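Enquirer: structure for the following, please:
(chains A, B, C and D)
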Number of protein chains: 2
Amino acid sequence: MQRIGPAEIQSLAPAGHYIALRIGFAFPVEEINALPLDWVDHYTKNRYMLFDPIIRWAYSSVGALRWSEIPIDDPRKIISQAQTFGLRYGAAISVFDGNAAGQRSFGSFARSDRDYSDLEINLLHAYVKRRHAEMAPPTNLTMAELEALGMVRDGKRLKEIAFDLGVTEGAVKQRLKNAKIKLGAKTGTQAAALASQYGLI
Amino acid sequence: MQRIGPAEIQSLAPAGHYIALRIGFAFPVEEINALPLDWVDHYTKNRYMLFDPIIRWAYSSVGALRWSEIPIDDPRKIISQAQTFGLRYGAAISVFDGNAAGQRSFGSFARSDRDYSDLEINLLHAYVKRRHAEMAPPTNLTMAELEALGMVRDGKRLKEIAFDLGVTEGAVKQRLKNAKIKLGAKTGTQAAALASQYGLI
DNA sequence: CATTGTGTTCTCCTTTGTGGAGAGTTTAGA
DNA sequence: TCTAAACTCTCCACAAAGGAGAACACAATG
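Expert: All right, here's what the predicted structure looks like:
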């Protein structure tokens, strides 16, 4: 299987695409929205998210299929409305690795000219799977590290954290240092933001 | 209208309640989950969120009503399943203030013995409205302040931020100081985390 | 025109956080 | 069991962030 990137995605989905990576409880860690602006506007204004059969399929299934094959009814006629915005044929990809955080990623890709071939669907599937894997949060942070990080996020100073935890300030510093390395963060602030986004704290 | 607090909520919803405050794109700023643990477990395992008629009503409406009056069909029989967990009668409240961020809050309250009276519904409605208002994010942060805050979150140092923005380090400090005051944060880290949670950056 | 408020810049000083080097203690595997 | 890796803690030097006060520019307001 060849390795594809954003440029290939662009040519595989000339009418637009949407990718949500690492959806935890409800929100993605990263979102790529390359859908037509007028469609996004219409979709948002009408709060279609909860009624979109593609989203509902993606949340409850794993795999890849064409929009035309989605086995969920569409009371608001969202798919046929999308067609009037150029999103005529599409493919949906849903990836889920059953990890502790239960994170899921999905992508929706569209073109106007013809339906997707099996090969193309496989390419898109591989792409979303790869992006999903790349965004995997580190799982090797210790409880001590996450605990300190959470307290930093909540505005506590190292001295205060040390007192609350009953350890020295140096120990807290080391825990945060480790956390920063594991998260690939440059500062404590970034480490806290990342851990928060990953749902670790 | 009397002002009610958590204790009154407890007695108004002896079978459990759930409140999600300030849902932006999809996730709440604060979540209070006082529903029976076995029901939460069952609900989560079956990914009922997208099919729950109460959630779907709350996302698409504003106001208050009894579960029995919800005008959305329930293909997965979630409401009748809830009854077997003691959530027999319930009220749903949805609050939306049409602000820039488009944030919405909702609550779901349950009891086993009898349905809710109009007075009780009004009390619950007032409570959710008040909590919603209390959680309103500050809207008075300037673009300069948010810009600096976003860069801090992304792991940049003040010196680096100052260089990138073409201002002095002192100016950056001042912007962050203002941001901290407006957000009620003790440290820059907390300010960044809060702004991120509020969807400001 | 004066006033008020906001944003920018500066200085001086204190407190806090960061980075490096190292050592004792568990834990997991060969 | 021995070893390596991971975890925890300590100490120090230095860089960065935080806090207070004051001056200046500018726009909106009265």
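Enquirer: what packs against the biggest helix by length in chain A?
Expert: In chain A, with assignment by DSSP state H, the single longest helix is helix A:118-134. Judged by 3 or more C-beta pairs under 8 Å, 6 or more residues apart in numbering or on different chains; DSSP states H and E, helix A:118-134 is in contact with helix A:6-12, strand A:16-23, strand A:63-66, strand A:89-96, strand A:104-111. Just so you know, the C-beta spots here come from the backbone N, C-alpha and C atoms, and that holds for glycine as well.
Enquirer: ok now it, how far from the chain's centre?
Expert: 14 Å (C-alpha atoms, centre = their mean, to the nearest Å).
Enquirer: how about stretch A:173-188?
Expert: Offset of stretch A:173-188 from its chain centre (C-alpha atoms, centre = their mean): 23 Å.
Enquirer: are that stretch and chain B in contact anywhere?
Expert: Yes - counting by C-beta under 8 Å from any C-beta of the partner chain, contacts between stretch A:173-188 and chain B involve A:185-188.
Enquirer: compare those and tell me which is most surrounded.
Expert: residue A:188 (22 neighbours; other C-beta atoms under 10 Å in any protein chain shown).
Enquirer: wait, it touches residue A:176, no?
Expert: Yes - judged on C-beta atoms under 8 Å, residue A:188 makes contact with residue A:176 at a distance of 5.6 Å.
Enquirer: any common contacting residues for the two?
Expert: Among the neighbours of residue A:188, those also in contact with residue A:176 (C-beta atoms under 8 Å, 6 or more residues apart in numbering or on different chains) are residue A:152.
Enquirer: domains of chain A?
Expert: In terms of domains, chain A is parsed into A:6-134, A:143-197 (source: automatic domain parsing).
Enquirer: which one of the ones you listed has the most crowded surroundings?
Expert: domain A:143-197 (a mean of 19; mean count of other C-beta atoms under 10 Å in any protein chain shown).
Enquirer: not counting its neighbours along the chain, what's nearest residue A:198?
Expert: Once flanking residues are discounted, residue A:198 sits nearest to residue A:137: 3.7 Å by C-beta to C-beta, 6 or more residues apart in numbering or on different chains.
Enquirer: distance of the one you found relative to chain B?
Expert: According to C-beta to the nearest C-beta, to the nearest Å, residue A:137 and chain B sit 16 Å apart.
Enquirer: what do you get for residue A:50?
Expert: From residue A:50 to chain B the distance is 5 Å (C-beta to the nearest C-beta).
Enquirer: thinking that residue is in contact with residue B:55, fair?
Expert: Yes - between residue A:50 and residue B:55 there is a contact under C-beta under 8 Å: 7.4 Å.
Enquirer: residue numbers of chain A in contact with DNA strand C?
Expert: Chain A comes close to DNA strand C at residues A:152, A:157-159, A:173-174, A:176-177, A:180, A:186-189, as judged by C-beta under 7 Å from any atom of the strand.
Enquirer: among those residues, list the two that are farthest apart in space.
Expert: A:159 and A:186 (22.6 Å; C-beta to C-beta).
Enquirer: partner strands of the lowest-mean-pLDDT helix or strand in chain A and their direction?
Expert: Of all helical and strand segments in chain A, the minimum by mean pLDDT, DSSP states H and E falls on strand A:28-34, at a mean of 85. Counting by DSSP bridges, the strands paired with strand A:28-34 are strand A:16-23 (antiparallel).
Enquirer: can you list contacts of the strand it pairs with?
Expert: A:9, A:28-36, A:39, A:86-87, A:103-110, A:128, A:131-132, A:135-137, A:198.
Enquirer: can you list the low-confidence ranges for chain A?
Expert: Counting by pLDDT under 70, chain A shows low-confidence ranges at A:1-2, A:24-27, A:98-102.
Enquirer: give me the beta-bridge partners of the nearest residue to residue A:14 once chain neighbours are set aside?
Expert: Leaving aside its sequence neighbours, residue A:14 sits nearest to residue A:111 (C-beta to C-beta, 6+ apart; 5.4 Å). Taking DSSP bridges, one obtains residue A:89 as the residues bridged to residue A:111.
Enquirer: contacts only, for residue A:111.
Expert: Neighbour list for residue A:111: A:12-15, A:88-90 [criterion: C-beta under 8 Å, 6+ apart].
Enquirer: okay, it and residue A:117: tell me how far apart.
Expert: Relative to residue A:117, residue A:111 is positioned 11 Å away (criterion: C-beta to C-beta, to the nearest Å).
Enquirer: now residue A:131
Expert: Residue A:131 sits 21 Å away from residue A:117, going by C-beta to C-beta.
Enquirer: ok, now residue A:200?
Expert: For residue A:200 relative to residue A:117 (C-beta to C-beta), the value is 40 Å.
Enquirer: tell me the residue of chain A that sits nearest DNA strand D?
Expert: Ranked by C-beta to the nearest atom of the strand, the top residue of chain A for proximity to DNA strand D is residue A:168, at 2.7 Å.
Enquirer: what strand or helix carries the closest residue to that residue other than its chain neighbours?
Expert: Spatial nearest neighbour of residue A:168, excluding adjacent residues (C-beta to C-beta, 6+ apart): residue A:162 at 5.9 Å. Following DSSP states H and E, the helix or strand that holds residue A:162 is helix A:158-165.
Enquirer: and that helix, what does it pack onto?
Expert: Here helix A:158-165 touches helix A:143-153, helix A:169-183, going by 3+ C-beta pairs under 8 Å, 6+ apart.
Enquirer: quick check: bridge partners of the residue nearest the centre of chain A?
Expert: The centroid of chain A falls nearest to residue A:21 when counting by C-alpha atoms, centre = their mean (1.6 Å). As for beta bridges, residue A:21 partners with residue A:30 under DSSP bridges.
Enquirer: now the residues of stretch A:173-188 next to chain B in a markdown table, with secondary structure and distance to DNA strand D?
Expert: Formatted as a markdown table, these follow (DSSP: H, G, I helix; E, B strand; the rest coil; distance: C-beta to the nearest atom of the strand, whole Å):
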| residue | secondary structure | distance to DNA strand D |
| --- | --- | --- |
| A:185 | coil | 13 |
| A:186 | coil | 10 |
| A:187 | coil | 6 |
| A:188 | helix | 9 |
